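Trainee: 3D, please:
(one chain, ligands or ions: 1)
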Amino acid sequence: VEKKNAIIIDPTTVIEDFTGKTCEEQIEICGRLCYKSEHKITQGSALDFVKKMIKDRHNAVMEMATMTFFLDDPDYFLDLEHWEILIMKYLVIDDYKDGLLITGSIRGFREVFFQLSDDSLIKIIALQIWKKSPVLFCDYHERMKYIERESDVNDEIVVKMFSDFELEELRREVPWLYFRHKFVPVRFIVNRAVTHELVRHRPCSFLQESQRYCRYANDQFGNRVTFIKPIFYEEGTEEYELWENSILQAEKTYLKLLKTSSPQASRTVLPNSCKTEIIIYCSLEQWAHMFHLRTSPAAEPSMQQVMTPLYEEFVSRFSGVEEMLKQRIPEGITD
Ligand SMILES: Cc1cc2nc3c(=O)[nH]c(=O)nc-3n(C[C@H](O)[C@H](O)[C@H](O)COP(=O)(O)OP(=O)(O)OC[C@H]3O[C@@H](n4cnc5c(N)ncnc54)[C@H](O)[C@@H]3O)c2cc1C
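Mentor: Next up is the predicted model:
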């Protein structure tokens, strides 16, 4: 019998382009990665997708779009209690001009609003998000209508939504603020060992292809499991052949188990070499931290293999903050 070849690809990364996309479109693009249902994206499908995510409480998907606001009052937080400020731990807040710059994901703003729904600033931010994209607070329409009616009470608070253009202006004007408030999405197509390490970076947002939902026996996947070429073994060597035989056996068992059991049960035999996709969305500041750890010679070689070229791409793409991308968060080593 002729030996069947495994489907083996090289790892890659792509910086996603969200230019001109609405928050709900960004959320749909990233969210559908979990189910590998990107082919279902049509004009207007984002609204139903977001509604479903909110209903299913798949709240992490709501982290895949951020908004930035300018508050014309540098002292706003002085009147808050410490516990109230702590609730805002997922927002990025900095002094800017004579006020404050506040960036957060839709999830971040939604959950702060649920916990501090009487805070005037948070109410106004939620109202502005809702007015721009009602679906992002579709579970709170009545409350938003109520706030809209009372919003004249808050006339003294001036909150302005930053446009993409204004955020880009910051890059020239105050690069370190751009570094902290600019969020960049990157899609990785790598093996499951690499994503297991990536998801340890706690301040970032992640969405990953789900082996519970994706059934690789379906036509959409060519009825096959795809694997990532290991950096460790040269094609043609005995080690490579051992590795390939092993993944082929795992694939065979997986496809056989799928005939009688679910993807979540069958996946228990899939190896680390399995191809997976993940989107990481975080600020340039967090990317710098990851590059620092993950391009170092101490990092796992398959991680360095994708992170080093990605780092170089960031340095050339985000001119103005190159020096900051090279720096590291102070962590106690002087060399
Ligand atoms: C060379 C190398 C070897 C590794 N080996 C292992 C291993 O054998 N086993 C293992 O389990 N992991 C291992 N890891 C993963 C490592 O433990 C971290 O989980 C991962 O690198 C995430 O980085 P981080 O903790 O610096 O920060 P992130 O999670 O990326 O957070 C960014 C920054 O936020 C701050 N921060 C975030 N959360 C907290 C918190 N809860 N408290 C205080 N500060 C916080 C810190 O300043 C941190 O630097 C390894 C990582 C590397 C680079």
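
Trainee: In three-state terms, label whatever residue of the stretch 51-200 of the chain ends up closest to the ligand for me.
Mentor: Here the residue of the stretch 51-200 of the chain nearest the ligand is Arg200; by C-beta to the nearest ligand atom that distance is 3.5 Å. C-beta here means a position set from N, CA and C on the backbone, and glycine is covered the same way. Put simply, Arg200 is coil when judged by DSSP: H, G, I helix; E, B strand; the rest coil.

Trainee: Look at it and say how many residues are nearby.
Mentor: 9 (other C-beta atoms under 10 Å).

Trainee: Tell me how far it lies from Asp98.
Mentor: Going from Arg200 to Asp98 by C-beta to C-beta, to the nearest Å gives 39 Å.

Trainee: Can you verify my assumption that Ile106 contacts Glu63?
Mentor: Yes - Ile106 lies in contact with Glu63 (C-beta atoms under 8 Å); the separation is 7.3 Å.

Trainee: Kindly list the main-chain dihedrals of the residue of the stretch 51-200 of the chain closest to the ligand?
Mentor: phi -80, psi -10 (degrees, to the nearest 10).

Trainee: what about the longest helix in the protein?
Mentor: In the chain, assigned by DSSP state H, the helix with the most residues is helix 238-258.

Trainee: Now do the same for Gly171: its pLDDT.
Mentor: Gly isn't right for residue 171; it's Arg. pLDDT for Arg171: 93.

Trainee: typo on my end, it should be Ile247
Mentor: For Ile247, pLDDT reads 97.

Trainee: Hmm, it is touching Lys275, no?
Mentor: No - judged on C-beta under 8 Å, Ile247 makes no contact with Lys275 at a distance of 10.6 Å.

Trainee: shared neighbours, those two?
Mentor: 225, 227 (C-beta atoms under 8 Å, 6 or more residues apart in numbering).

Trainee: Tell me the residues of the stretch 201-335 of the chain that contact the ligand?
Mentor: 201-203, 289, 293, 298-299, 329 (C-beta under 6 Å from any ligand atom).

Trainee: Pick out the most distant pair among the residues you listed.
Mentor: Maximum pairwise distance among those (C-beta to C-beta): 20.9 Å, between Pro203 and Ala298.

Trainee: how many other residues sit next to Pro203?
Mentor: 13.

Trainee: ok, now Val159?
Mentor: 22.

Trainee: what's the closest non-adjacent residue to it?
Mentor: Of all residues not flanking Val159 in the chain, Ile124 sits nearest, at 4.9 Å (C-beta to C-beta, 6 or more residues apart in numbering).

Trainee: all helices of the stretch 1-150 of the chain, in order?
Mentor: 23-35, 45-56, 82-87, 106-115, 120-132, 141-150 (DSSP state H, counting those that start in this stretch).

Trainee: Reformat those helices into TSV and put mean neighbour count and distance to Lys182 next to each item.
Mentor: Output for the helices of the stretch 1-150 of the chain, formatted as TSV (neighbours: other C-beta atoms under 10 Å; distance: least, C-beta to C-beta, whole Å):
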stretch	mean neighbour count	distance to Lys182
helix 23-35	22	14
helix 45-56	16	23
helix 82-87	12	23
helix 106-115	20	16
helix 120-132	19	19
helix 141-150	13	28
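
Trainee: and Ser283, which of these is closest to it?
Mentor: helix 106-115 (12.2 Å).

Trainee: contacts for that closest one?
Mentor: 23, 27, 59-60, 62-63, 65-67, 87-88, 90-91, 104, 122-123, 125-126, 129, 136-137, 140.

Trainee: These also near the ligand: which ones?
Mentor: Counting by C-beta under 6 Å from any ligand atom, no member of these is near the ligand.

Trainee: just for the stretch 201-335 of the chain, where's the confidence low?
Mentor: 328-335 (pLDDT under 70).

Trainee: where along it do the helices fall?
Mentor: Going by DSSP H, counting those that start in this stretch, the stretch 201-335 of the chain shows helices at 238-258, 263-266, 284-294, 301-317, 322-326.

Trainee: which strands and helices sit next to the host helix or strand of Arg187?
Mentor: For Arg187, the element it lies in under DSSP states H and E is strand 183-191. Counting contacts by 3 or more C-beta pairs under 8 Å, 6 or more residues apart in numbering; DSSP states H and E, strand 183-191 is packed against strand 12-15, helix 23-35, helix 192-198, strand 226-228, strand 275-283, helix 284-294, helix 301-317.

Trainee: Might you calculate how far the shortest one sits from the centre of the chain?
Mentor: When C-alpha coordinates are averaged (C-alpha atoms, centre = their mean, to the nearest Å), strand 226-228 and its chain have centres 22 Å apart.

Trainee: Next: the second one.
Mentor: Using C-alpha atoms, centre = their mean, we find the averaged C-alpha position of helix 23-35 to lie 10 Å away from the chain's own average C-alpha position.

Trainee: Packing partners of it?
Mentor: On a contact count with 3+ C-beta pairs under 8 Å, 6+ apart, helix 23-35 meets helix 45-56, strand 183-191, strand 205-208, strand 275-283.
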